[in-house]
Each structure stands twice: as C-alpha cells, then as structure tokens.
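> Below is the sequence, then the predicted model.
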Amino acid sequence: MSADSFLQRLMPQDNRFFKMLDAIAHNVSVGSDAFAKLQQAYTPADFLSVAEELRTIEHTGDRMAEEFYTKLDKTFVTPIDREDLHDLCSALDTILDLMEECAGFIVNYRLTDMTPPMRELVRIAREACHEVEVTIQLMEDSRRYSELNGHLVLVHALENEGDTVFRLALGELFQTLKDPIELIRQKDILEALEATVDAADDACDLVRSLMMKHS
C-alpha cells in the first residue's frame, strides 16, 4: 500500500470528523476505566456506584454521537464515505452502551458477587477499549499504518481470549449450578460482558475494512 496514497484518500483538507471520532473513542476509553472498577467491586453499593458513573459517561457519549451525526448530515463532501463514518461512530457508541448495560444488569439482577471469569472479562474489555482508542488516533497518520495494524491484531487476540474465558465459564455454570435462577442470572451477565469485548473487535473490523477500501 502507498502511504502517500492512503494519506491523500483518508485525510483531505477537512479532517474534523476524525478529530470528533478521536474524542468519541477517548470517551469510550474513559468509560472502560470506570467499567474496570467492577474488578474491585464487592458490594451492591460498589456495583451501583460503577453503574451510575457509567450512565453519566454513556450520556456524554450519546451527546457526542448526536453532534457527530448532525455535522455529518450537514456536510456535503465528507473525507471518506458517509456510511463508513456513520458506522464507525455507531460502533464506538455501541461499546459504551454495552458497558453501561452490563453494569445495569449487575445492579438489576441483584448480583451479590462477580465470579473470577466475570472480572477477567472486565479486564479484557478495558484493554480492548484502550486499543480501540489508539486505532482511531492512528487512522490520522498513514505513516503509522504498520503500528495501527499491530493494534488491530491485538484487539482481535483479546476478543479470542474473551471468547475462551466466556466458553469455559459458561460450561462451568451448567456443570456446577443447580439453582436455575442463579444460572440464568450469571449466564446473562457473562453474555453481556462477552458482547462488550466483541463490540470492541467489531469497531476494529470497521477500521480494517476502511483501510483496505482506501488503500
């Protein structure tokens, strides 16, 4: 791939949409730091505190996404396909939505404690979100394409790690839990956590597709 060609295609004079995506991705990363507090949460009050913090950050993300879509609708010529910009913003917003949803599940399901696999999935989600922020930042500089690709690979590896943790935890649930209500509660939370990791990988897949399209 020609770096100069990629730069010209990806970064014309108006790069405000990429700057806005940077800010949105940073807010996702901030949300993942709040989400990571679940690793040290051991009481209903702890879980509620994290959920409330995430709700505030998620609302900020909604406002940022709405501003992005509004500017997109009002711009006649966009630096890359309008649909690609919309999909990437939506993918970032989905990550934050799912983190907030996970914390809400934990509170609403009256979970008394998070299992080790749940805490591990929280860790993986946070790491993946930080990597997503880096990939969005690196989109602005085609000279760092190889570095960007390395981060995309890392997010995919984290998604595979999350899948493994999820499958093993799910198998353990069905082997050991006899209470059907508790089984459903833990299963739903594990699925929500795994979906958060998957969403980070989905966002990186969009970045990868965008780069291939404009290479």
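Nice, thanks for sending it over.
> Show me where this structure has its helices.
Listed in chain order, the helices of the chain (DSSP state H) span residues 3-10, 16-35, 44-74, 82-108, 116-138, 145-176, 180-213.
> Can you add mean pLDDT and give these back as CSV?
Listed next are the helices of the chain as CSV, based on pLDDT from 0 to 100:
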stretch, mean pLDDT
helix 3-10, 45
helix 16-35, 94
helix 44-74, 94
helix 82-108, 93
helix 116-138, 95
helix 145-176, 92
helix 180-213, 91
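> and those as TSV, adding mean neighbour count?
In short, each C-beta sits where N, CA and C put it, glycine included. Below are the helices of the chain laid out as TSV (neighbours: other C-beta atoms under 10 Å):
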stretch	mean neighbour count
helix 3-10	15
helix 16-35	20
helix 44-74	16
helix 82-108	21
helix 116-138	22
helix 145-176	16
helix 180-213	19
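> Return the residues in contact with the residue located most distally from the centre of the chain.
Note on the chain: the largest separation between a C-alpha and the mean C-alpha position, by C-alpha atoms, centre = their mean, falls on residue 178 (33.2 Å). With contacts taken as C-beta atoms under 8 Å, 6 or more residues apart in numbering, residue 178 has no neighbouring residues.
> distance of residue 49 from residue 170?
Distance, residue 49 to residue 170, by C-beta to C-beta, to the nearest Å: 28 Å.
> tell me how far stretch 58-65 is from the chain's mean position?
Chain-centre distance of stretch 58-65: 14 Å, with C-alpha atoms, centre = their mean, to the nearest Å.
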